[in-house]
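Q: Okay, predicted coordinates and the sequence, questions at the end:
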Amino acid sequence: MAEIPRKCEIMTIEEIRERLETDERNRSYTDRGIHPIFQVSSNARILIIGQAPGRKVEESGIPFNDKSGETLIRWMGIDRETFYSSKIAIMPMDFYYPGKGRSGDLPPRKFIAEEYHSDILRLMPEVGLTILIGRYSIDYYLKDRKKKNLTETVAAYREYLPEYFPIVHPSPLNFRWQRKNPWFEEQVVPVLQENVRRLL
């Protein structure tokens, strides 16, 4: 039997949130009173797609409310008030903390981006730039346009403008990469800030 195509009606953010919280795959979070973590606005001009909330962010329920967020805000050249305004949207690859693995946090669960991102993107028609943070969002959104590794993709950021701007994760755990690649803060961050200023 042929699959019936899904209608392309636009869901509200409240409907999407309810759908997430009643999704059986998120039941362990909902049962503990943990809500999906994202920041969505129809006025958003910049969209940030990161990996997944960490433990500290899960506790506060505020996206990027940690050391990674402090660095990201600095890289964007804005203040905290602007970061949490309606002009900035935050839609991670997983809206919940996926847990701890052997060598750090577990990867974001694939079904979140596959089944929920498109509905949320329809609510943000004014987005002029999407900042892709880290390997998971870059792999998902750039697909075969990405280079052979994260470093080369970030270095080739101009190829993806004006739609996407790939960057490394601002986590303090990335200090070795940042020390090894000083060109990122010297050359890429100023261009990121210029693009952010242009849209805000």
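A: Ah, there it is. Residues are numbered from 1 along each chain as shown.
Q: How many residues are close by the closest residue to N181 other than its chain neighbours?
A: Using CB to CB, 6 or more residues apart in numbering and skipping residues adjacent in sequence, the residue nearest N181 is T151, 6.5 Å away. Quick note: C-beta positions are derived from backbone N, CA and C, even for glycine. Residues within reach of T151, counting by other CB atoms under 10 Å, total 15.
Q: hang on, T151 is in a helix, isn't it?
A: Yes - the assignment for T151 by DSSP: H, G, I helix; E, B strand; the rest coil puts it in a helix.
Q: What's the separation between it and F184?
A: Look at T151 and F184: by CB to CB, to the nearest Å, they are 9 Å apart.
Q: and if you look at E14?
A: Look at E14 and F184: by CB to CB, they are 38 Å apart.
Q: who's more crowded, those two?
A: F184 (20 against 8).
Q: Provide a list of residues in contact with R135.
A: Shown in contact with R135 (CB atoms under 8 Å, 6 or more residues apart in numbering): L150.
Q: swap that for S86, please
A: S86 neighbours (CB under 8 Å, 6+ apart): 41, 43-44.
Q: need the helices for this structure, in chain order.
A: 13-22, 27-31, 55-60, 67-76, 80-83, 110-112, 118-121, 134-142, 150-155, 175-180, 183, 189-199 (DSSP state H).
Q: Give me the contact list for the lowest-mean-pLDDT helix or strand in the chain.
A: Counting by mean pLDDT, DSSP states H and E, the chain has its least confident helix or strand at strand 104-105, which shows a mean of 80. Residues outside strand 104-105 that contact it (CB under 8 Å, 6+ apart): 51-52, 54, 97-99, 173.
Q: repeat for stretch 91-103
A: Under CB under 8 Å, 6+ apart, the answer for stretch 91-103 is 20, 26, 29, 34, 36-40, 47-55, 57-58, 63, 105-109, 112-113, 116-117, 120-121, 136-137, 140.
Q: Enumerate the positions of that stretch that are buried.
A: 91-98 (16 or more other CB atoms under 10 Å).
Q: from what I can see E185 touches R179, true?
A: No - if you go by CB atoms under 8 Å, E185 and R179 don't touch, sitting 10.3 Å apart.
Q: So for these two, which sits in the more crowded spot?
A: Using other CB under 10 Å as the criterion, E185 and R179 rank with E185 on top: 12 against 8.
Q: And the residue positioned nearest the centre of the chain, how far from I133?
A: Closest to where the C-alpha atoms of the chain average out (CA atoms, centre = their mean) is I49, at 1.7 Å. Distance from I49 to I133, counting by CB to CB: 7 Å.
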